[in-house]
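A.B. asks: Sequence first, predicted model second:
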Amino acid sequence: MDSEKKPTRAEVEHAVKTIIRWSGDDPARDGLIETPSRVTKAFEEWFRGYAEDPEAILNKTFEEIEGYDEMIVLRGIRFESHCEHHMAPIIGRAWVAYIPNGRVVGISKLARVVDAYAKRLQIQEKMTAQIANTIQDVLQPQGVAVVLKAEHHCMTTRGVHKPGTDMVTSRMLGVFRDNPITRQEFLAMVTEDTKPY
């Protein structure tokens, strides 16, 4: 955030009341009286990634790995984000892989890195690159691969109204970019994982 002061909770709640009035309803009616507070709490949860440091999440690593240097893949990490253009939900799953170079990280940390970037206003292409670049920069593995598949409500519930479509993005670094066999091994694991969002 730039030098502009962060709005207070009361200011955010007032903004929600304004949106309710603009929509044509009365923020003072019984069903809506607590909505500004609830929406503000929801926004705190949806955008908590701004308060998280994805690099710090990966700082604790383990070096006692008996020379393990094969692919590590965390599949189907469900995430919820919001598009920066319409603030509409982006619901999807992430596949994250890396080949260690002398140290590994707890697998929950990979999921936490995905969440730290998802819980921000996003576009999927940028989020894919952020996840891969952070893992590469902090762990310095032989390579990193990230695939995101997501449904964007900005085009499924508004605009062109195309439900059932999803977007797929990928970022391949190191051996995943340079070695077609390694890349194909990872992509096969993504393809065979058919859990729904």
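C.D. replies: Yes, it's here. Numbers count the residues shown, from 1 in each chain.
A.B. asks: so what's the nearest residue to Thr128 once chain neighbours are set aside bridging to?
C.D. replies: Nearest residue to Thr128, sequence neighbours excluded (CB to CB, 6 or more residues apart in numbering): Thr169, at 4.3 Å. All C-beta spots, glycine's among them, are computed from the backbone N, C-alpha and C. In this structure, Thr169 bridges to Leu148 when assessed by DSSP bridges.
A.B. asks: Is it correct that Thr169 is in contact with Ile123?
C.D. replies: No: between Thr169 and Ile123 there is no contact under CB atoms under 8 Å: 9.4 Å.
A.B. asks: Please say which of these two ends up with more neighbours.
C.D. replies: Thr169 (18 against 15; other CB atoms under 10 Å).
A.B. asks: for the residue nearest the centre of the chain, phi and psi?
C.D. replies: In the chain, the C-alpha nearest the mean C-alpha coordinate belongs to Ala118, at 2.4 Å (CA atoms, centre = their mean). In terms of degrees, to the nearest 10, the main-chain angles of Ala118 are phi -70, psi -40.
A.B. asks: hang on, it packs against Ile77?
C.D. replies: No: here Ala118 lies out of contact with Ile77, judged by CB under 8 Å, at a distance of 9.2 Å.
A.B. asks: Who are the contact partners of Glu84?
C.D. replies: By CB atoms under 8 Å, 6 or more residues apart in numbering, the residues touching Glu84 are Leu121, Gln122, Ile123.
A.B. asks: Run through who's touching whatever helix or strand Glu44 lives in.
C.D. replies: For Glu44, the element it lies in under DSSP states H and E is helix 35-46. Contacts of helix 35-46 with the rest of the structure, by CB under 8 Å, 6+ apart, involve Arg9, Val12, Glu13, His14, Val16, Lys17, Ile20, Pro27, Glu80, His82, Lys119.
A.B. asks: In helices, which of those residues fall?
C.D. replies: Arg9, Val12, Glu13, His14, Val16, Lys17, Ile20 (DSSP state H).
A.B. asks: Mind putting those into a markdown table with pLDDT, distance to Asp178 and neighbour count?
C.D. replies: Formatted as a markdown table, those follow (pLDDT from 0 to 100; distance: CB to CB, whole Å; neighbours: other CB atoms under 10 Å):
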| residue | pLDDT | distance to Asp178 | neighbour count |
| --- | --- | --- | --- |
| Arg9 | 95 | 49 | 12 |
| Val12 | 97 | 47 | 16 |
| Glu13 | 97 | 52 | 18 |
| His14 | 97 | 54 | 13 |
| Val16 | 97 | 49 | 18 |
| Lys17 | 97 | 55 | 17 |
| Ile20 | 97 | 54 | 18 |
